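1. quick one: sequence and predicted model below, then my questions.
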Amino acid sequence: MKKVITYGTFDTLHYGHILLLKRARTLGDHLTVALSSDSFNTLKKKTSHFDFEARKALLETITYVDEIIPEHNWDQKRSDVVDHNIDVFTMGDDWAGEFDFLSDLCDVVYMPRTPSISSTKIKKITSKSS
Ligand code: C2G
């Protein structure tokens, strides 16, 4: 079984995330999502509208996602790849080059980021309309 992993906050889940997860799943037979914890979001200086449990519950409804693990810090990727027998690491290409250090352990694939949609944009739209 070819295993794929990807990382992220996945706040206010939108079609950019879904497209990434759909493409990621086509890279293998099993997709693990390492979902940023609320405390790691703080470290990333990222405020998410939804907390970890809510973001996890949404991801669990997506057929492309086979497993969800927590992402607690920047440094867990190498051990995640080894511990979960990962064959392919993938992220959107806004991260291009950032994770090439994993290439001795697994394939590293950066996929085109979906333009014109982001959690930030959605939050702005929803705050204006509320
Ligand atoms: N993404 C995308 N298109 C968008 C928005 C996001 O393809 N319009 C992708 C990003 O490139 C990323 C994934 O969706 O691969 C998750 O995006 P975020 O939730 O913003 O995650 P990020 O804050 O980039 O966290 O250790 C890595 C970090 O946890 C990544």
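-> Right, received. Where do you want to start?

2. isn't there a helix covering residue 7?
-> No. Assessed with DSSP: H, G, I helix; E, B strand; the rest coil, residue 7 is strand; it does not lie in a helix.

3. excluding chain neighbours, what is closest to it?
-> residue 34 (4.4 Å; Cβ to Cβ, 6 or more residues apart in numbering). (Glycine included, C-beta is placed from N, CA and C.)

4. what pLDDT is listed against the one you found?
-> For residue 34, the pLDDT comes out at 98.

5. which strand residues bridge the residue in the chain positioned nearest to the ligand?
-> Relative to the ligand, the nearest point of the chain is residue 92 (1.8 Å; Cβ to the nearest ligand atom). Beta bridges link residue 92 to residue 111, judged by DSSP bridges.

6. just the pLDDT for it.
-> For residue 92, pLDDT reads 97.

7. I figured it was touching residue 109, is that so?
-> No. The criterion here is Cβ atoms under 8 Å, and residue 92 misses it with residue 109 at 10.4 Å.

8. the more surrounded of those two?
-> residue 92 (19 against 16; other Cβ atoms under 10 Å).

9. what residues does the more buried one make contact with?
-> Remark: with contacts taken as Cβ atoms under 8 Å, 6 or more residues apart in numbering, residue 92 is in contact with 16, 20, 110, 111, 112, 113, 114.

10. can you check residue 58 too?
-> Contacts of residue 58 (Cβ under 8 Å, 6+ apart): 10, 13, 50.
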